[in-house]
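Asks: Could you work out the structure for the sequence below:
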Amino acid sequence: MKAILNRLINHDILSKEDAKQVLVNIAKGAYNPSQIAAFLTVYMMRSITIEELEGFRDALLELCLAIDLKSYNPVDLCGTGGDGKDTFNISTLASFVTAGAGVHVTKHGNYGVSSKCGSSNVMEFLGIKFSNEADFLTKCIDTAGICVLHAPLFHPAMKNVAPIRRELAVKTFFNMLGPMVNPAFPKNQMVGVFNLELARMYGYLYQNTDKKFTVLHALDGYDEISLTGNTKTISNSSESMLKPEDFGVSTLSASEIQGGDSIEASAKIFMDILEGKGTEAQNNVVCANAGIAIATVKELSPKAGFELAKESLLSGKGLKALQTLQNLSGN
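Replies: As a prediction, the model looks like this:
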């Protein structure tokens with residue numbers, strides 16, 4: 001690691017193969033916590049290259065515990081996090097709304113590192129069982145239309161990094177990797193990223209796969225469609241700009257999509273929205289994100305996807321997906 005750190009301090013970049021090997025070595029416990037922290041810190045000081053990101057991704061996918069759910073043709077809705085905006089759990093809510101609309105979801109998530117309440121925090125609070133057992137996950141996606149893939153159970157290689165990430169409590173390149181390393185290898189992906197540079201890198205890397213994808217970045221900094229302004233989208237066939245009016249809704253203010261200041265408060269917002277007690281702003285931002293996921297899988301317009309998402313939320317189908325998952329978790 002000393003040689004790698006010296007190279008990086010001297011502004012060298014790693015090849016795809018070197019980047020992959022470093023992550024494999026981290027997984028094997030070859031480096032001490034100080035070395036790992038120093039390595040992560042380098043990438044807070046400078047941009048990651050496409051080759052480095054690709055190498056890190058390939059290492060995690062190679063080392064993960066894969067789960068075969070491809071017969072369901074699922075989608076993952078996942079943001080990188082790290083946008084510092086402290087919104088409520090929009091992509092997790094959108095996942096249940098998407099499942100309620102009949103599009104299967106393999107939701108990859110983790111505890112919050114740079115946010116107060118990550119996807120796994122709210123799922124755990126609401127009684128969702130985390131498991132990497134194929135039978136249980138198949139039953140979930142079969143009956144609820146969604147299964148939750150809690151990242152640490154599928155990426156045991158990263159146990160050496162988890163405590164360091166928690167102690168650093170700021171975004172690292174692992175935020176960039178999260179959406180890329182879903183252990184179900186879904187063929188459909190809607191991913192929000194925290195800056196435009198990363199959106200372009202994702203677009204480039206995804207174009208070399210067989211995925212249907214939409215990469216999102218709200219121009220005012222959100223790693224999802226925020227409806228507080230315009231959103232850059234990159235998909236298989238095009239780049240475009242999404243405006244709130246494309247969904248037939250008005251522009252929101254940042255305060256209308258703020259999250260809770262604790263896991264309990266976040267879970268309350270989560271349940272209020274699924275139970276039909278959300279504000280119009282909350283409903284619209286959830287359905288805009290779910291709508292793009294639905295549109296990506298079904299090859300629809302954003303507005304058509306949004307309408308299907310709205311029907312799923314307001315009819316209670318999204319809530320039913322959650323309740324089914326809660327029941328399965330209790331058995």
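
Asks: isn't V297 right next to K211, touching?
Replies: No. Taking Cβ atoms under 8 Å as the definition, V297 is not a contact partner of K211, at 10.8 Å. Heads up, the C-betas are built off the backbone N, CA and C, glycines and all.

Asks: Give me the more crowded residue out of these two.
Replies: Comparing V297 with K211 by neighbour count (other Cβ atoms under 10 Å), the higher total belongs to V297, at 25 against 17.

Asks: Please report the distance of the spatially closest residue to S301 that is not a sequence neighbour from T106.
Replies: Counting by Cβ to Cβ, 6 or more residues apart in numbering, the nearest residue to S301 once its immediate chain neighbours are dropped is A295, at 6.5 Å. Computed with Cβ to Cβ, to the nearest Å, the distance linking A295 and T106 is 18 Å.

Asks: Which one of these two is surrounded by more residues?
Replies: Neighbour count, other Cβ under 10 Å: between A295 and T106, T106 has more, with 27 against 22.

Asks: Beta-bridge partners for that one, please?
Replies: Partner residues in beta bridges with T106, using DSSP bridges, are C147.

Asks: need the contact list for it.
Replies: When contacts are counted by Cβ atoms under 8 Å, 6 or more residues apart in numbering, T106 touches 67, 69, 72, 74-76, 141, 146-147, 149, 182, 184, 186.

Asks: Restricted to strands, list the residues you listed.
Replies: Secondary structure of the contacts of T106 is defined by DSSP state E; positions in strands are 75-76, 146-147, 149.

Asks: Which of these ranks first by neighbour count?
Replies: When neighbours are taken as other Cβ under 10 Å, the top entry among those is V75 (31 neighbours).

Asks: Report the contact partners of it.
Replies: 98, 103-106, 186, 188-190, 293, 296-297.

Asks: contacting residues around the residue nearest to it when sequence neighbours are not counted?
Replies: Leaving aside its sequence neighbours, V75 sits nearest to N188 (Cβ to Cβ, 6+ apart; 3.8 Å). N188 is in contact with 73-76, 211-213, 293, 296-297, counting by Cβ under 8 Å, 6+ apart.

Asks: From the rest of the structure, what touches whichever strand or helix holds R165?
Replies: When secondary structure is defined by DSSP states H and E, R165 falls within helix 162-168. Contact with helix 162-168 is made by 33, 36-37, 40-41, 113, 152, 172, 174, as judged by Cβ under 8 Å, 6+ apart.

Asks: Most neighbours among those, please name it.
Replies: Compared across the contacts of helix 162-168, F174 has the highest neighbour count, 25 neighbours, by other Cβ under 10 Å.

Asks: show me the contacts for that residue.
Replies: Taking Cβ under 8 Å, 6+ apart as the contact definition, F174 lies against 40, 113, 158, 161, 165.

Asks: Let me see the residues that make contact with the longest strand seen in the chain.
Replies: In the chain, with assignment by DSSP E, the single longest strand is strand 212-218. Applying Cβ under 8 Å, 6+ apart, the contact partners of strand 212-218 are 187-196, 198-199, 202-203, 206, 223-226, 228-236, 242, 289, 292-293, 295-297, 299.

Asks: So what are the sheet partners of that strand and their directions?
Replies: strand 188-192 (parallel), strand 231-235 (antiparallel).

Asks: related to what we said a few turns ago, are any of the contacts of strand 212-218 buried, and if so which?
Replies: Neighbour-count burial within these applies to 187-195, 198-199, 202-203, 206, 223-226, 228-235, 242, 289, 292-293, 295-297; the criterion is 16 or more other Cβ atoms under 10 Å.

Asks: Return the residues in contact with the residue lying closest to L216 once chain neighbours are set aside.
Replies: Nearest non-adjacent residue to L216, counting by Cβ to Cβ, 6+ apart: G192, 4.5 Å away. Taking Cβ under 8 Å, 6+ apart as the criterion, G192 is in contact with 78-80, 91, 215-218, 222-225, 289.

Asks: Alpha carbons of the least confident helix or strand in the chain by mean pLDDT, as CSV, please.
Replies: Here the helix or strand of the chain ranked lowest by mean pLDDT, DSSP states H and E is helix 173-177, holding a mean of 85. What follows is the C-alpha trace of helix 173-177 in CSV, where atoms were taken according to Å, rounded to 0.1, in the frame of the first residue of the first chain:
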residue,chain,number,x,y,z
PHE,A,173,-15.7,6.6,-3.6
PHE,A,174,-17.8,3.8,-2.0
ASN,A,175,-20.8,6.1,-2.4
MET,A,176,-20.0,6.1,-6.1
LEU,A,177,-19.8,2.4,-6.2
